[in-house]
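Trainee: Could you work out the structure for the sequence below:
(one chain, ligands or ions: 1)
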Amino acid sequence: MEKTSRIPGFYKLTVKERVKKVKEFAGLNDEEESILLSMDGLDEKTADRMIENVIGSMQLPLGVATNFLINGKDYLVPMAIEETSVVAAASNAAKMARVKGGFKAHASEPIMIGQIQILDAKENAVEELNKHKEEVLELANAQDKILVSLGGGAKDMEVRKLSDDMLCVHLFVDVRDAMGANAVNTMAEACAPLIEKISGGRALLRIISNLADHRMVEATAVFDRDTIGGNKVVEDIIHAYEFASLDPYRAATHNKGIMNGIDAVAIATGNDWRAIEAGAHTYASLNGYKPLTTWEKNGDGDLVGKIKLPMAAGTIGGITKVHPMARISLKILGVKSSRELAEVIASVGLAQNFAAMHALATKGIQDGHMRLHAKNIAVMAGAQGDEIDKVAEIMASEGKIRMDRAKEILDEIRK
Ligand code: MEV
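Mentor: Have a look, this model is predicted:
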């Protein structure tokens, strides 16, 4: 039977029932099921090995976004995030995208950049370094035989003149399925003495660049005009996009919404979301700060969204296999490579942006938030089961979301 991430009513199930569905979808074993249900993936020993001075662990809810169809494959997407509505918004957007075939995404080869800063090099250093490029690449590749055996490794080198007395050598390293910081930093440090010798200068910083603009991912989706509310909605979303492209104050918030989705998947899968954030915002600012997505109308009057950004995310290394929740999240996703993971992450970012703009260009963002808030107030007032939705619905429609009103409504319902 074909696996589908379309699971109508998933949000209405109990946590236990949801975990069961996800277990079936992803082929999780009993241990993985009980780790999810324990809500506590990280034991003391593992945490103590991850960082210094451990005194506890800070938890976030882990949800799954449903409905994602990317390059013809169905995904349940794990998202770790504390903000309400993000998972629901991604799932709803993905559901609407399915009408026109879901997301099409493409990630480039996973090339990261290692930087070696050179001070006070000799006059013809750039020329000399270029002449000795193969020697430098060979030394870099001698540092990581396994990576090379997998088809990765240092592939190219570039010398950039930053000022009269400062050069920067870029090592372009194919890091395969890793995020790549370890491999790249090791190579940069190992090559620095040789680069000093060739350039006659002094190597100072030797470190990865988080502007991973040789490791790009793109995703696109067509949103059917009628499904999303008609031509006016299409045009208003395009106006909303134009606002972001004209104004960095708006672009910051526009991109923040995109990163809500991207970071949540990065965190769930144990990836370095600060690296992804740094890459995204620097890329967005290369020609003045711009939105990471573009939106336009196609010949059929449908809305077409595109996202493009650097994506330094891995499926091996770091804590991807160390943190039990990250390991399980990757199993739920079922991605086979860092490129496939990047394609999923970019699609989620695009879905999140669509959902935010759709809400903002129609009824506003507070309506959804208030409905969730109303549910929480209803629960606090003692509502149970079906009562929760009923009380919340009445309070939301009245625009009065207060504990005293929740109690009154509850009393009326129970009578
Ligand atoms: C809130 O976390 C994200 C939004 O502000 C994004 C946006 O405005 O596009 C809703």
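
Trainee: from here on, contacts and neighbour counts on C-alpha atoms
Mentor: Fine.

Trainee: Break this protein into its domains for me.
Mentor: 10-108+215-362, 111-209, 367-414 (automatic domain parsing).

Trainee: Let's have those domains in JSON lines, adding mean neighbour count.
Mentor: Below are those laid out as JSON lines (neighbours: other C-alpha atoms under 10 Å):
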{"stretch": "domain 10-108+215-362", "mean neighbour count": "20"}
{"stretch": "domain 111-209", "mean neighbour count": "20"}
{"stretch": "domain 367-414", "mean neighbour count": "17"}
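
Trainee: wait, what's in contact with the residue nearest the centre of the chain?
Mentor: Centroid-nearest residue in the chain: residue 262, 2.1 Å away (criterion: C-alpha atoms, centre = their mean). Residues near residue 262 by C-alpha atoms under 8 Å, 6 or more residues apart in numbering: 345-346, 348-349.

Trainee: So for it, what's the pLDDT?
Mentor: What the model reports as pLDDT for residue 262 is 98.

Trainee: Look at it and tell me its secondary structure.
Mentor: When classified by DSSP: H, G, I helix; E, B strand; the rest coil, residue 262 comes out as helix.

Trainee: Dump the domains of the chain into JSON lines; add distance to residue 3 as well.
Mentor: Converted to JSON lines, the domains of the chain look like this (distance: least, C-alpha to C-alpha, whole Å):
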{"stretch": "domain 10-108+215-362", "distance to residue 3": "7"}
{"stretch": "domain 111-209", "distance to residue 3": "25"}
{"stretch": "domain 367-414", "distance to residue 3": "30"}
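
Trainee: can you put those domains in TSV and add distance to the ligand?
Mentor: Shown next, in TSV, are the domains of the chain (distance: least, C-alpha to the nearest ligand atom, whole Å):
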stretch	distance to the ligand
domain 10-108+215-362	4
domain 111-209	26
domain 367-414	10
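
Trainee: and stretch 59-74, how far from the chain's centre?
Mentor: 11 Å (C-alpha atoms, centre = their mean, to the nearest Å).

Trainee: Between its first and last residues, how far does that stretch reach?
Mentor: 28 Å (C-alpha to C-alpha, to the nearest Å).

Trainee: which residues are contacting it?
Mentor: Taking C-alpha under 8 Å, 6+ apart as the rule, stretch 59-74 contacts 3-7, 40, 75-82, 87-88, 90-92, 94-95, 98, 101-105, 268, 343-344, 347.

Trainee: Going by contacts, tell me the helices and strands next to the helix or strand of the chain with the lowest mean pLDDT.
Mentor: The helix or strand of the chain with the poorest confidence is helix 366-380; it has a mean of 84 (mean pLDDT, DSSP states H and E). If you count contacts as 3 or more C-alpha pairs under 8 Å, 6 or more residues apart in numbering; DSSP states H and E, helix 366-380 packs onto helix 386-398, helix 403-414.

Trainee: Leaving out the residues flanking it, which one is nearest to residue 250?
Mentor: residue 244 (4.9 Å; C-alpha to C-alpha, 6 or more residues apart in numbering).

Trainee: List the contacts of that neighbour.
Mentor: 250-251, 254, 290-291.

Trainee: so it, which of the three states?
Mentor: helix.

Trainee: before we move on, what about residue 220?
Mentor: Following three-state DSSP, the label given to residue 220 is strand.

Trainee: Strands of the stretch 101-250 of the chain, start to end?
Mentor: 103-107, 111-119, 153-163, 166-174, 202-209, 216-223 (DSSP state E, counting those that start in this stretch).

Trainee: As CSV, those strands with mean pLDDT and distance to residue 384 would be great.
Mentor: Output for the strands of the stretch 101-250 of the chain, formatted as CSV (pLDDT from 0 to 100; distance: least, C-alpha to C-alpha, whole Å):
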stretch, mean pLDDT, distance to residue 384
strand 103-107, 98, 38
strand 111-119, 98, 52
strand 153-163, 98, 57
strand 166-174, 98, 54
strand 202-209, 98, 52
strand 216-223, 98, 37
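
Trainee: Same list, those strands, but as TSV with distance to residue 407 please.
Mentor: Formatted as TSV, those follow (distance: least, C-alpha to C-alpha, whole Å):
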stretch	distance to residue 407
strand 103-107	44
strand 111-119	57
strand 153-163	64
strand 166-174	60
strand 202-209	56
strand 216-223	41
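
Trainee: got any ranges where the stretch 151-300 of the chain has weak pLDDT?
Mentor: By pLDDT under 70, the stretch 151-300 of the chain has no low-scoring segment.

Trainee: that older thread, inside helices: which ones of the contacts of stretch 59-74?
Mentor: With DSSP state H as the criterion, helices contain 87-88, 90-92, 94-95, 98, 268, 343-344, 347 from among the contacts of stretch 59-74.

Trainee: ok, of the residues you listed, which one's closest to residue 166?
Mentor: Checking the ones in helices among the contacts of stretch 59-74 against residue 166 with C-alpha to C-alpha, the nearest one is residue 343 at 36.7 Å.

Trainee: That closest one contacts residue 107, correct?
Mentor: Yes: applying C-alpha atoms under 8 Å, one finds residue 343 in contact with residue 107, separated by 6.0 Å.

Trainee: which neighbours do those two share?
Mentor: Residues touching both residue 343 and residue 107 (C-alpha under 8 Å, 6+ apart) are 217-218.

Trainee: Cool, thanks, signing off.
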